[in-house]
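Colleague: Attaching a predicted model along with its sequence, questions to come.
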Amino acid sequence: MSFISLLWVLLLGSLLGLELIGKVPPTLHTPLMSGANAISGITMLAALTLIVKAEGNVPLLIIGSVSLGFALFNVVGGFFVTDRMLAMFSRKPSNKK
Amino acid sequence: MNLPVIIKFVIDLLAVLLLALGIKGLSKVKSARDANRLAAFAMSLSVVGLLSYYLGTSGIAIQSWIWIIIGSILGSLFGAILAKKVPMTSMPETVALFNGCGGMSSLLVALGVAIFPISGGQENFDFFKSLINEVSISVSIFVGAITFTGSIVAMAKLQGWLSTPGWTQSKVRHFVNIVFAVASLIAFFDLINGNTSSIWLLVVVSSLLGIGVTLPIGGADMPVVISLLNSYSGIAAAAAGFVVDSQLLIVAGAMVGAAGLILTQVMCKGMNRSLVSVLFGGSLSAQSTTSSGSGEYTNITSCSVEECALTLEAANKVIIVPGYGLAVAQAQHTLREVTKKLEQNGIEVVYAIHPVAGRMPGHMNVLLAEADVPYEQLKEMDVVNPDFPATDVVLVLGANDVVNPQAKNDSSSPLYGMPVLDVQEARTVFVIKRGMSAGYSGIKNDLFDLPNTSMVFGDAKKVLNDLIGELKDLGVGEK
């Protein structure tokens, strides 16, 4: 991938992000922020790449592993916590006791 | 193109599509939960794509597998445990913590690539081979470090572990932060010049910059900061994407970065603050002590829970204005008991939700939903404001700045121009509050001085419990 095409990817990704989130009811801002936050843990892919390419370099393996741990903490925790919040909205009013 | 490359390409494309659909779906109440799962699925898919690509091309050494498994298990385990255990009221600080760790991850990746040039024939992977690599490594470290330390400071402040030190409110802080920023810039150029050791300088000063920028910001503005840092962590991820040459990372990071910016803007609007004043203005209360906002209350009417119950019983329409104080007292369930009784008596009950009620937009909705309040009863500010003149009783529970009429009437007030709920238009207003302390902004609330406002002093939960008792005595809700 050339640098220029990566820049295009960056630009289009940003525009997509701006468009996607344009109209969100305030109710969903906190869950949305938390969900988007979980997605930002996508750096786990970079950490994985680092580990795979370390080729027996132990310090690098450790850095990659710690990085992967931080990223997954972000991803797993983020999605779970978002789900917990959203679970409260999905209860139907008729279920009220 | 050989097969593994094609497979990875298809999987990446699919993952981007699903992530975009996930974010989109998160914007509607109905689809939000499924959308969240979809996004989670897309993330796992992307991992499968990456691993299968390496298995199909260079292979993955046993040693690598071991470290992958160690990192994955520990990270996921702690993340899942925290997510399950944390109370709903601490949501903002939890998001801050997760966010900081995402930033840390990007920082470590860039650091790893910078310190240990990776051999192995990938043409784009040679350390400092091109300017682009150097720049993306620097950006990843810079933004990652700011995200990490900034988020941790934000979390600590929200948890009450850290207060705002006095010196951070003086002009000194700008000087200190400028020094950090300039030092980062120097380290950045030094790094590009090929001086590898200055990478540590970059790590240290950008970390300090993150602390220096976040520390002076008051509690009221913290949600904006968290949202902004959330955007940063997306940028850090995108920068890491340039470092390891991954389009998927760049797209996902850019999407989160852009989305975070929009959210930040929305929050600023709701609080009538510009981003610039949030970031550089210091704590709002520190300014307002010298402005016209402060002053003595002259006409406070206080009343008992009994009077409050009597008025409520006679009402036709009641609007509840919940604020963060309600959440702190964990009184949302008790509140629901009270409103159930009123509804059983044929009284119309509506909850007026200010855009920044709680600590983040939508935070209050989550807390009320937790207490089984029907979603249809939650009305947003623009919808509910015209209803106040036709309302008999307004109950303000732990909200303060968002019902301050100063925002409309007093052009010298720091709150002036902030959208507020026009509760003073209602026939009677009860403010349930622990004492006369000021709200987040530290500004006097003119509402409390109005003749149709009565204060009911006490802890929200205790007052509501007493209210249930009084309503029972009056026979409300027991047909």
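Modeller: Noted; the coordinates are in hand.
Colleague: I'd like to know how far the most centrally placed residue in chain A sits from chain B.
Modeller: Closest to where the C-alpha atoms of chain A average out (CA atoms, centre = their mean) is residue A:39, at 1.2 Å. Using CB to the nearest CB, to the nearest Å, residue A:39 is found at 5 Å from chain B. For the C-beta atoms, the positions are set from N, CA and C on the backbone; glycine is no exception.
Colleague: Of all the residues in the lengthiest helix in chain A, which ones are buried?
Modeller: Using DSSP state H, we find that the single longest helix of chain A is helix A:58-90. Going by neighbour count (16 or more other CB atoms under 10 Å in any protein chain shown), the buried part of helix A:58-90 is A:60-86, A:88-89.
Colleague: just to revisit the earlier point, how about the residue nearest to the centre of chain A, secondary structure?
Modeller: helix (DSSP: H, G, I helix; E, B strand; the rest coil).
Colleague: my read: it touches residue B:252, true?
Modeller: Yes - the pair residue A:39 / residue B:252 is scored as a contact, 5.8 Å apart, by CB atoms under 8 Å.
Colleague: overlap in contacts of those two?
Modeller: Shared contacts of residue A:39 and residue B:252, defined by CB atoms under 8 Å, 6 or more residues apart in numbering or on different chains, are found at B:19, B:234.
Colleague: from memory residue B:387 sits against residue B:318, does it?
Modeller: No - counting by CB under 8 Å, residue B:318 is not a contact partner of residue B:387; they are 11.0 Å apart.
Colleague: ok, back up a step: tell me what the longest helix of chain A is packed against?
Modeller: Judged by 3 or more CB pairs under 8 Å, 6 or more residues apart in numbering or on different chains; DSSP states H and E, the packing partners of helix A:58-90 are helix A:29-39, helix A:44-52, helix B:32-56, helix B:62-85, helix B:91-115, helix B:363-370.
Colleague: How far off centre is that helix?
Modeller: 8 Å (CA atoms, centre = their mean, to the nearest Å).
Colleague: Strands of the stretch 351-479 of chain B, start to end?
Modeller: B:378-380, B:393-397, B:428-433, B:453-457 (DSSP state E, counting those that start in this stretch).
Colleague: coming back round to it: residue contacts, the nearest residue to the residue nearest to the centre of chain A once chain neighbours are set aside?
Modeller: Distances taken as CB to CB, 6 or more residues apart in numbering or on different chains place residue B:256 nearest to residue A:39, at 5.4 Å, with adjacent residues excluded. Residue B:256 is in contact with A:17, A:36, A:37, A:39, A:40, B:230, B:231, B:233, B:234, B:237, counting by CB under 8 Å, 6+ apart.
Colleague: now do 6 Å
Modeller: With CB atoms under 6 Å, 6 or more residues apart in numbering or on different chains as the criterion, the residues that contact residue B:256 are A:36, A:39, A:40, B:234.
Colleague: Compile the residues you listed into JSON lines and extend it with columns for pLDDT.
Modeller: Output for the contacts of residue B:256, formatted as JSON lines (pLDDT from 0 to 100):
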{"residue": "A:36", "pLDDT": "88"}
{"residue": "A:39", "pLDDT": "91"}
{"residue": "A:40", "pLDDT": "90"}
{"residue": "B:234", "pLDDT": "92"}
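Colleague: neighbours around residue 15, how many?
Modeller: Here I'm looking at chain A. The number of residues packed near residue A:15 is 13, by other CB atoms under 10 Å in any protein chain shown.
Colleague: you looked at the wrong chain, it should be chain B
Modeller: Residues near residue B:15, counting by other CB under 10 Å: 26.
Colleague: my read: it touches residue B:47, true?
Modeller: No - counting by CB atoms under 6 Å, residue B:47 is not a contact partner of residue B:15; they are 9.3 Å apart.
Colleague: Report the buried residues of the worst-scoring helix or strand of chain A on mean pLDDT.
Modeller: The weakest-scoring helix or strand in chain A, judged by mean pLDDT, DSSP states H and E, is helix A:3-20 (a mean of 84). Residues of helix A:3-20 classed as buried under the neighbour-count rule (16+ other CB under 10 Å) are A:3, A:6, A:9, A:10, A:13, A:14, A:16, A:17, A:18, A:19, A:20.
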